[in-house]
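J.: Coordinates only, no sequence provided:
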C-alpha cells in the first residue's frame, strides 16, 4: 500500500500503545470465547460470537482508516479558472433554495451559478431570474440527481464544477479555499465537510456546560474523511465539493444506476487513477434533519446506495483501486451491517431471561476476567482514535436510533434497486415519529418484560446461575436505557418549534419607538423575521406595540418594521424590561443582506465558543503528548454592541464588546473588519445602564471555528482602557445616526 505524500498527523504513541493493548486483549478474549460456545444452542451462541467478531473486525478497519489524518492547507487559486456552480433541486421550498443561491452567488471567485430544477416549477425559474442565476430544467427525472447533474454538464462549459445541495449555503471564501488544489492536474475533486447551521436538529446534541455542540456526523467529517484522505480514498459526498469536468468525462459523467451517485462516482474516479482531496475546513452550512423521519430516511438511502454500489461495482474486487482504497470503501459499506449486530445485542438478554438458554458456558469470574478488559479497551480505544469526536454514549444512542434502518438498508444488497426518495426537509407528524420508533419501543418492552418475567421465574424455579441472571438483567437495563433515551429525544424534537431557526449570533441594532425615541442595543437571537433585543428599554413597552429600527450587518444596515411579541422583565422584581422579542419584516434588499449574513457562516460557533471536540482520557492525563481541544476565550461570552473610531469626528465601526463578568476579567472585541492595533481607539458601548466612552488599545486574538477552521471575523483583546469625557460619547451617537459605517469586510483593514 503506497503512502500518500500529503502532510499528516499520525496517531500519538500513547494511543498506539493503547491500540496494541486492545488488539492483544481482543484476540485473547475472542480465542477464549470460542471455547465457551454452548453446543446446546449453536445458532444463538454462534450469533452472539459472530457479532463480537464483527465488532472487532470493524474496529480494526476503523483504526486503519484513522491512524493518520491529513493536514492540508489551501493553496492559492488561479484567477482564470472557469467555474460552474450547480444547485440541484426537486421539491425543496423557495425560501430554502433562495438562501443557497444567495450564498452561492456571493462567493468570491468569478463563477456562474446554475439552478437545476428537476421539479420544473415556475417559482424556481422566477427565483433564478430574480437572483441573476442560470435556470435549467429537463423533461424527465431519469436517474434522479445524477441525471440532473449530467444534464447540466451538457449545457455548461466550466472547467470545474462546484456542487451544493439545495439546503447547503457556502461561505464567501469557499471557492478561494478549494480551487487552488486543482493546480495539481491529477486532482479530480475536492470535498469539504458538510456542516449544519440548525444546531437544534435531530443529529445535534449539546453538552459540556454549553460549549460543546456535537453532531452525529462529527466523527466522519472531522476524523474519518481525513484518514481516508491519506490513502487517496476520501469520497465525494454529493454536496460542498468541486469536481474537475475532465475527470467526470473520463468516467462518462456522474455515475447512475444507484441511489448514491456520490459514493459511486468517487469509486469510479479513484479506479481511473485520479486523486481526491479532503479539505477539512467547514466552508458550507446546511439544514440537518430536524426530526427522526428525515434522519432515518436519509440513512436508509445512504445504506441502500452503498449496497447497490457494492452489488453493481464490487468493492474488494474492483479493478483499478489500490488495496488501501478497497479497505476504505469496504469499511464505509460495512458500517450498515452494524444494524444487525446491534439487533443481536439488543434482543439477546431477552432470549436468555425468558428461555433460560445461555450463549456460553463459563463461570462468571472467568467471564469477567476476559470480558472486562476487552469491553473497557474497546470503548477507550474508540474515544482515543476518534480524537475527542467519538462521544461513545451519544454514539450508542444513535446506534439504537438507527439500527433497524441500517439493517433494512442492507437488504438492498440482495433485492433489486429501490426507487429513489428525496430526504424530507420538513418536520413529520407525531404519528410518523411513533411509527418510526417502533423498533426502540420493541427493545424497551421486550427487555423490560424479560427483566420482570426472568426475575420471577428465577425466584420460583431457578433455571440459570445467579451470575448469568445478574449479567443478563444488567444487559437488559442498558438496552432499555438506550431505548428510553432515543424515545425521549425523539419526543422532544417532535414538539412544536419555531418555523425558522433562530441564530444565537450577536448583532448591533437600534430600535425607534412610536414617539421617535431611539434605543441602541444588542440582538443575540435572530432569524429572517424574529429577534430578541437587549438595551435600555422604556418600561411602557407592551406586547403588540409597533416599532421600527435597523440591524447592522457587514453588508450594511438592514431596516425593519415590526411589533413586540414578548417582553422579558428584569430579574428579582427590579423595574424595567431586560429584553423584548420582536417579529419584523424588511425590504427585499434587507432580506438579502440578512440571509447572506446568517446563512453560510460559522459565526454562531465563533461568537459562542462552540466546539464539537471534547477531551479524551489520554488528552487529560497526558496533555503534553496527546492533544485535546484548545482553550477558547469566547466560551459563553455575552456580547454588547459598540462603536469604534480612530478620530473623534471620523466614521464609526460597529463592533461587539464582551459583557462585563462573562470573561473572567478580560475584555474582547469582535469586528467584521480589521481594526488598528498600534494606537488608541475610541470605544462607545450600548448597555442597559449608561457606560462612558473609553480609549482602548487592542491586541489580536487567535480564534478557530468548527473543526479548527479559519474564522471570518477579527477578534482582539483589550490591553488598555481609559474613560473619556462625555462629549466623545455624544459624538459617537451622532455618528451612528448619520450611518457612518464601513461597507463590508474585505482583505484590507478598514480605512475609517
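T.: All right, it came through fine. All values reported here derive from a predicted model rather than from experimental measurement. Residues are numbered from 1 along each chain as shown.
J.: Check whether residue 384 sits in a helix, strand or coil.
T.: helix (DSSP: H, G, I helix; E, B strand; the rest coil).
J.: Chain neighbours aside, what residue packs nearest to it?
T.: In space, and not counting its chain neighbours, residue 384 is closest to residue 15: 4.6 Å by C-beta to C-beta, 6 or more residues apart in numbering. Every residue, glycine included, has its C-beta placed from N, CA and C.
J.: and the one you found, how many neighbours?
T.: 24 (other C-beta atoms under 10 Å).
J.: Next: residue 653.
T.: By other C-beta under 10 Å, 23 other residues sit near residue 653.
J.: And residue 521, by the same measure?
T.: Residue 521, neighbours per other C-beta under 10 Å, totals 22.
J.: ok, now how distant is it from residue 185?
T.: Distance of residue 521 to residue 185, given as C-beta to C-beta, to the nearest Å: 54 Å.
J.: in the sheet, who's paired with the most centrally placed residue in the chain?
T.: Residue closest to the average C-alpha location in the chain (C-alpha atoms, centre = their mean): residue 195, at 3.7 Å. Counting by DSSP bridges, residue 195 is bridged to residue 285.
J.: what's it in contact with, if anything?
T.: Counting by C-beta atoms under 8 Å, 6 or more residues apart in numbering, residue 195 touches 221, 282, 284-286, 602, 706-707.
J.: got the contact list for the residue nearest to residue 384?
T.: 384-385, 618, 626 are the contacts of residue 15 under C-beta under 8 Å, 6+ apart.
J.: and if you look at residue 382?
T.: Counting by C-beta under 8 Å, 6+ apart, residue 382 has contacts 59, 62, 390, 392, 395.
J.: Now flag whichever of those residues is closest to residue 676.
T.: Nearest to residue 676 among these, counting by C-beta to C-beta, is residue 390 at 43.4 Å.
J.: Now do the closest one, the pLDDT please.
T.: According to the prediction, residue 390 has pLDDT 93.
J.: Using CSV, lay out the contacts of residue 195 together with neighbour count and pLDDT.
T.: CSV is the format used below for the contacts of residue 195 (neighbours: other C-beta atoms under 10 Å; pLDDT from 0 to 100):
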residue, neighbour count, pLDDT
221, 24, 97
282, 23, 95
284, 27, 96
285, 28, 95
286, 24, 94
602, 24, 89
706, 24, 86
707, 22, 83
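J.: Pull the distance from stretch 480-500 to the chain's centre.
T.: What separates the centre of stretch 480-500 from the centre of its chain is 19 Å, taken as C-alpha atoms, centre = their mean, to the nearest Å.
J.: average pLDDT across it?
T.: Here the average pLDDT along stretch 480-500 is 86.
J.: Can you point out the buried residues in stretch 100-119?
T.: Along stretch 100-119, these residues count as buried under the neighbour rule (16 or more other C-beta atoms under 10 Å): 100-107, 109, 111, 113-118.
J.: Check stretch 631-646 too.
T.: Buried residues in stretch 631-646 (16+ other C-beta under 10 Å): 632-635, 637-646.
J.: How about stretch 692-700?
T.: Buried-residue list, stretch 692-700, by 16+ other C-beta under 10 Å: 693-694, 696-698.
J.: Repeat that for stretch 449-462.
T.: 450-451, 454, 457-458.
J.: Pick the one among those closest to residue 234.
T.: Of all these, residue 234 sits closest to residue 450, with 43.6 Å by C-beta to C-beta.
J.: Residue 345 versus the closest one, what's the distance?
T.: Distance from residue 450 to residue 345, by C-beta to C-beta: 14 Å.
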